[in-house]
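# pasting the structure only:
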């Protein structure tokens, strides 16, 4: 099975980081046990959804009065592969690339940024958090000399496929794609594309939902 | 019902922008009709899922051999409220704020950026695409004088709640929150928080999935 076909459905996988975030908040607030009902209310999913999701990974016993927060947090952290470390690079050191380079939380979770790359001579040679911005021409050589797991692409659409080819031809296993375009990559390469507009459009939807359903109701009555 | 309780579940709403993106690609490639099977294969969801999702909004007839791409695109665009226009501001004109200000695609979809705000005197007075960066102290006055629908928060965690209060006290109806923290807002305010780590962690998950399931299988055999 190619990497594009997951064992567990992506709908489930996409809920796991949220579970992990909520559990980490609970731990910070020194909450050690939580009932499945309370957990589900906080996360906005049903208790049975949480149970089903966890069952995909063998399940986690609710001992009588709920979940042990720390155990569940540790289990989900391991499921997400966050007990391991990853080397990353950022291609495109513009505003977005620099913003992502600045997120020290990613480092804390095991994602170590090794270098940034850009075409802009004004950026090449500068550093973000002591990590140098290199000439993108040196990208293939860099990838030969350094094991890089994840390439973070913060470049415009028109050069995206070319950079993706360089990354995947030189041992990068996954691409975090902010280039707002789809990429053609071999089956064994993981691509996670971020479309910020998807998130923005849920806002315009919600700003209009009441009005939308008034209109739908009206048309229903007319027919 | 408060704004936090949607009429249609957010799981459905979150699929709509993706449908709209794919349909817009089809239109660009001059594809006028598509069978529900082909549409579902391209989008990676089942045909019945698409049908169910559309049924939440009254449904869209598949006339014999599938969907009319343009009609469906226009319908989903309207459902997402993208046939209307919105005034936005960005609070926090650092790298991320500037990156978002630079996305002209949001403008094309009806989201007009009116101003950016920052505390940094080096940024105040500069412009991005002719849109000025103003002193954050002038934010309440600006909101009294200008109708702003959506506040985009690109500021650190520690000032996030304070800024959210200013926005919601002064007529802003929705917050697009990049501050990596949860916000307390009145029930009628829409908050869409972007947690980029959620997306990154699906990559580390997928990099480890095969190994994870080998381990789960082994433990199953042991028990």
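Perfect, thanks for sending it. Predicted model, so just to flag it, every value in this text is computed and none were measured.
# does any part of the helix ranked longest in chain A sit near chain B?
Longest helix in chain A by number of residues (criterion: DSSP state H): helix A:196-222. Yes. Helix A:196-222 reaches chain B (C-beta under 8 Å from any C-beta of the partner chain) through A:196-210, A:212-213, A:216, A:219-220. C-beta coordinates here come from the backbone N, C-alpha and C atoms, glycine included.
# show me what that helix is packed against.
When contacts are defined as 3 or more C-beta pairs under 8 Å, 6 or more residues apart in numbering or on different chains; DSSP states H and E, helix A:196-222 sits against helix B:10-28, helix B:69-79, helix B:104-108, strand B:174-177, strand B:190-193.
# at 7 Å what do you get?
Counting contacts by 3 or more C-beta pairs under 7 Å, 6 or more residues apart in numbering or on different chains; DSSP states H and E, helix A:196-222 packs against helix B:10-28, helix B:104-108, strand B:174-177, strand B:190-193.
# of all the ones you listed, which lies closest to chain A?
Closest of the helices and strands packed on helix A:196-222 to chain A is helix B:10-28, at 3.9 Å (criterion: C-beta to the nearest C-beta).
# next structured bit after that closest one?
Counting by DSSP states H and E, the next helix or strand C-terminal to helix B:10-28 is strand B:33-34.
# can you give me the domain assignment for chain A?
Domain segmentation of chain A under automatic domain parsing yields A:10-79, A:86-197.
# now stretch A:119-128: buried residues?
Using 16 or more other C-beta atoms under 10 Å in any protein chain shown as the test for burial, stretch A:119-128 gives A:123-124, A:128.
# again with stretch A:188-201
Buried residues in stretch A:188-201, counted by 16+ other C-beta under 10 Å: A:189-201.
# ok, longest strand in chain A?
Scanning chain A for the strand with the most residues, using DSSP state E, yields strand A:111-118.
# for the domains of chain A, which one ends up most surrounded?
Mean neighbour count (mean count of other C-beta atoms under 10 Å in any protein chain shown) peaks for domain A:86-197 among these, with a mean of 18.
# and the contacts of the lowest-mean-pLDDT helix or strand in chain A?
For chain A, using mean pLDDT, DSSP states H and E, the weakest element among its helices and strands is helix A:36-43, scoring a mean of 84. Helix A:36-43 is contacted from outside by A:18-19, A:22, A:46-47, A:50-51, A:62, A:66-67, using C-beta atoms under 7 Å, 6 or more residues apart in numbering or on different chains.
# stretch A:177-186 too?
A:96, A:153-157, A:160-161, A:164, A:168, A:175, A:191-195.
# likewise stretch A:128-138?
For stretch A:128-138, contacts defined as C-beta under 7 Å, 6+ apart pick out A:91, A:93, A:98, A:101-102, A:113, A:115-119, A:123-127, A:142.
# how about a cut-off of 6 Å?
In this structure, residues lying in contact with stretch A:128-138 by C-beta atoms under 6 Å, 6 or more residues apart in numbering or on different chains are A:93, A:98, A:101, A:113, A:115-119, A:123-124, A:126.
# got the residues of chain A near chain B?
Taking C-beta under 6 Å from any C-beta of the partner chain as the measure of proximity, chain A contacts chain B at A:7, A:13, A:17, A:58, A:80-81, A:95-96, A:98-99, A:150, A:174, A:190, A:192, A:194, A:198-199, A:201-209, A:213, A:216.
# angle of the least confident helix or strand of chain A against helix A:10-28?
Angle, helix A:36-43 to helix A:10-28, by axes from the mean of the first three to the mean of the last three C-alpha atoms, to 10 degrees: 100 degrees.
# ok, the residue nearest to residue A:174 when sequence neighbours are not counted to residue A:32 distance?
Excluding the flanking residues, the one nearest residue A:174 by C-beta to C-beta, 6 or more residues apart in numbering or on different chains is residue A:190, at 3.9 Å. Per C-beta to C-beta, to the nearest Å, residue A:190 is found 35 Å from residue A:32.
# just how off-centre is the helix or strand where residue A:134 lies within its chain?
According to DSSP H and E, residue A:134 maps onto strand A:131-135. Its chain's average C-alpha position is 24 Å from that of strand A:131-135, according to C-alpha atoms, centre = their mean, to the nearest Å.
# could you identify the helix or strand that succeeds that strand?
With DSSP H and E, the next secondary element past strand A:131-135 is helix A:139-145.
# which strands or helices does that next one pack on?
For helix A:139-145, not one helix or strand is in contact under the criterion 3 or more C-beta pairs under 6 Å, 6 or more residues apart in numbering or on different chains; DSSP states H and E.
# list the contacts of it.
Here helix A:139-145 has contacts from A:117, A:166, A:170-171, using C-beta under 6 Å, 6+ apart.
# change it to 10 Å
Helix A:139-145 is contacted by residues A:89, A:91, A:114-115, A:117, A:134-136, A:138, A:148, A:151, A:163, A:166-167, A:169-172 when judged by C-beta atoms under 10 Å, 6 or more residues apart in numbering or on different chains.
# if we can go back for a sec, of the residues of helix A:196-222 next to chain B, select the buried ones using a ChimeraX command.
The following ChimeraX command selects only the buried members of the residues of helix A:196-222 next to chain B, with burial defined by 16+ other C-beta under 10 Å:
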select /A:196,197,198,199,200,201,202,203,204,205,206,207,208,209,212
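# next, the nearest residue to residue A:88 once chain neighbours are set aside: phi, psi?
Of all residues not flanking residue A:88 in the chain, residue A:150 sits nearest, at 4.5 Å (C-beta to C-beta, 6+ apart). The phi and psi values for residue A:150, taken as degrees, to the nearest 10, are phi -130, psi 120.
# residue A:187 too?
Main-chain dihedrals, residue A:187, degrees, to the nearest 10: phi -60, psi -30.
# please report the distance of it from chain B.
Applying C-beta to the nearest C-beta, to the nearest Å, the value for residue A:187 to chain B is 13 Å.
# do the same with residue A:32
From residue A:32 over to chain B the distance is 21 Å, taken as C-beta to the nearest C-beta.
# same question, residue A:184
From residue A:184 over to chain B the distance is 14 Å, taken as C-beta to the nearest C-beta.
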